[in-house]
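1. Have a look at this fold, sequence not included:
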């Protein structure tokens, strides 16, 4: 009886994880980044940057990235930024999340003297990890960003 219960539990856990994997496999990195960049009233217009440039900017190893879409403010005077990363696996997602958080801290250091009015955006970024997907949105509109992400991840 205990063996059947254990087998049932393992099967249920496997199905739950399979369901989570299916959700992130259907997830569109490009669409989500575009929805964030267009659905939030950023201070600066955002423009996409090439994935290889983004990986250097965030100091993320190419072997950790399956797909990415990154938008940054065009004027350079704001910290407005959207980055959506699909990692190669869960360990890579952890490393990408760390790099995203380090990027936010580095921006705080740069902007503290340059544009101190931008710091509150960096104090409250939206950083979301969902399976192998890591998302950053620095905007000052956290609730709006979370609503867009909730719709994209459901």
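-> Okay, I see it. Everything quoted here is computed from the prediction, not taken from an experiment. Numbering: from 1, shown residues only.

2. Who is residue 47 paired with across the strands?
-> Residue 47 forms beta bridges with residue 72, as assigned by DSSP bridges.

3. partners of the nearest residue to residue 125 once chain neighbours are set aside in the sheet?
-> Take residue 125 and drop its neighbours on the chain: the residue closest to it by Cβ to Cβ, 6 or more residues apart in numbering is residue 138, 4.7 Å away. C-beta here means a position set from N, CA and C on the backbone, and glycine is covered the same way. Here residue 138 sits in beta bridges with residue 81, as judged by DSSP bridges.

4. And the strands in this structure, which stretches?
-> Read by DSSP state E, the chain holds these strands, from start to end of the chain: 46-49, 65-73, 81-87, 126-130, 133-138.

5. out of those strands, nearest to residue 119?
-> With Cβ to Cβ as the measure, strand 133-138 is the member of the strands of the chain nearest residue 119 (10.9 Å).

6. Now do that closest one: everything it contacts.
-> 24, 27, 29, 32, 36, 40, 79-87, 93, 96-97, 100, 103-104, 107, 121-122, 125-129, 145, 149, 153 (Cβ atoms under 8 Å, 6 or more residues apart in numbering).

7. Tell me the buried residues within the residues you listed.
-> Among those, those scoring as buried are 27, 29, 32, 36, 40, 79-87, 93, 96-97, 100, 103-104, 107, 121-122, 125-126, 128-129, 145, 149 (criterion: 16 or more other Cβ atoms under 10 Å).

8. on that earlier part again, from residue 94, how far off is the residue nearest to residue 125?
-> 20 Å (Cβ to Cβ, to the nearest Å).

9. mind listing the helices for this protein?
-> Taking DSSP state H as the criterion, the chain contains helices spanning 2-25, 29-39, 51-58, 90-114, 119-123, 142-153.

10. Now do the longest one: which elements does it pack against?
-> Applying 3 or more Cβ pairs under 8 Å, 6 or more residues apart in numbering; DSSP states H and E, we find helix 90-114 packed against helix 51-58, strand 81-87, helix 119-123, strand 126-130, strand 133-138.

11. picking that back up, how many neighbours does the residue nearest to residue 125 have?
-> A count of nearby residues for residue 138, using other Cβ atoms under 10 Å, gives 26.

12. what's the answer for residue 52, then?
-> For residue 52, the neighbour count with other Cβ under 10 Å is 11.
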